[in-house]
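Enquirer: Below: sequence and its predicted model.
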Amino acid sequence: MLVAAAVCPCPPLLVPAVAAGAAPELDPARAACADALGLLAAARPDLLVVVGPGEEREHGAYAEGARGSFRGFGVDVDVRLGRPGGDMDAPGASERRLPSSLAVAAWLLERTGWSDAPIEGLAVGEPLTPERCIEIGRDVAARAERVALLVMGDASACRTLKAPGYLDERAAPFDASIARALDQVDLAALRTLDTELAYELKASGRAPWQVLAAAAEEADLSGALLYEDAPYGVGYLVATWS
């Protein structure tokens, strides 16, 4: 059963070496992410599942020990999904490279010194239907007696003229609705997100949020929104459920 969840954005810019001179701009987001991960540790889960957008058309699992890198962004930074001393010999741990969203999650976990429970990664593809997300979420929640989720994903990428998706007047209301749903643990609002609108607004968190909504169906959790901003025209949200 799900006992806690943290929702974080997944831009590689969260890694200071990637952001370089612009790194201080995301310090509040990094601090909020650290607070959210602290809540996950306090929940004392038996298993932590990290869910984020990936390139797969459906979904793909990543074992503890899977490696990722930010070398594609011009920096010599490598990460590993898992605790110090975790199972580096797990099948696929060395072969499959983490998608960027899970690499950012691995960096956040390393930064906060996570060592509390085994970790698994799950990348969900943008084309995944809400119905399939719900199936996956229910399966994740049943993986252990006490499951925690770290859910990575960005809101719209269309908040300003310089945003990756240019300015779209629908973006700010869309992001506000997501922030409200995360703050209030509104599972119905997340399950029924407009998938076409989310795609048009380049909201990478749509599928991960719907996995979370399904995982939390029997959990009776309370929410808190820790951070909400769009410093680069992309909506970044940090929230906790416990």
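Expert: Ah, there it is. Here the structure is a predicted model, which means the values were calculated and not measured.

Enquirer: Partner strands of the helix or strand containing residue 48 and their direction?
Expert: Assigned by DSSP states H and E, residue 48 belongs to strand 47-54. The partner list of strand 47-54 in its sheet, established with DSSP bridges, is strand 119-125 (parallel), strand 147-152 (parallel).

Enquirer: could you dump the longest helix seen in the chain to PDB, C-alpha only?
Expert: In the chain, ranked by residue count with DSSP state H as the criterion, the top helix is helix 27-42. These are the backbone C-alpha positions of helix 27-42, laid out as PDB (Å, rounded to 0.1, in the frame of the first residue of the first chain):
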ATOM      1  CA  ASP A  27      17.700  26.800  -5.400                       C
ATOM      2  CA  PRO A  28      14.100  27.100  -4.000                       C
ATOM      3  CA  ALA A  29      13.000  24.200  -6.100                       C
ATOM      4  CA  ARG A  30      16.000  22.100  -5.000                       C
ATOM      5  CA  ALA A  31      15.200  22.900  -1.400                       C
ATOM      6  CA  ALA A  32      11.600  22.000  -1.800                       C
ATOM      7  CA  CYS A  33      12.600  18.700  -3.400                       C
ATOM      8  CA  ALA A  34      14.900  17.900  -0.500                       C
ATOM      9  CA  ASP A  35      12.100  18.600   2.000                       C
ATOM     10  CA  ALA A  36       9.800  16.300   0.000                       C
ATOM     11  CA  LEU A  37      12.300  13.500   0.000                       C
ATOM     12  CA  GLY A  38      12.700  13.900   3.700                       C
ATOM     13  CA  LEU A  39       9.000  13.100   4.100                       C
ATOM     14  CA  LEU A  40       9.500   9.900   2.100                       C
ATOM     15  CA  ALA A  41      12.300   8.800   4.400                       C
ATOM     16  CA  ALA A  42      10.200   9.600   7.400                       C
END
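
Enquirer: one step back: and the strands paired with strand 47-54: which comes nearest residue 82?
Expert: strand 119-125 (5.3 Å; Cβ to Cβ). All C-beta spots, glycine's among them, are computed from the backbone N, C-alpha and C.

Enquirer: so for the closest one, what's the average pLDDT?
Expert: The pLDDT scores in strand 119-125 average 95.

Enquirer: which other residues reach that strand?
Expert: With contact meaning Cβ atoms under 8 Å, 6 or more residues apart in numbering, strand 119-125 is reached by 47-64, 66, 81-83, 86, 98-99, 101-102, 105, 109, 133, 136, 140, 143, 207-208, 211.

Enquirer: List the ones among those residues that fall in helices.
Expert: 101, 102, 105, 109, 133, 136, 140, 207, 208, 211.

Enquirer: and the gap between residue 33 and residue 72?
Expert: 22 Å (Cβ to Cβ, to the nearest Å).

Enquirer: right, and residue 98 touches residue 60 too?
Expert: No - counting by Cβ atoms under 8 Å, residue 98 does not reach residue 60; the two are 10.3 Å apart.

Enquirer: Tell me which of these two has more neighbours.
Expert: residue 98 (23 against 17; other Cβ atoms under 10 Å).

Enquirer: Confirm residue 219 sits in a helix?
Expert: No - Residue 219: not assigned to a helix; according to DSSP: H, G, I helix; E, B strand; the rest coil it is coil.

Enquirer: before we move on, back to that, just the strands paired with strand 47-54: most buried one?
Expert: strand 147-152 (a mean of 27; mean count of other Cβ atoms under 10 Å).
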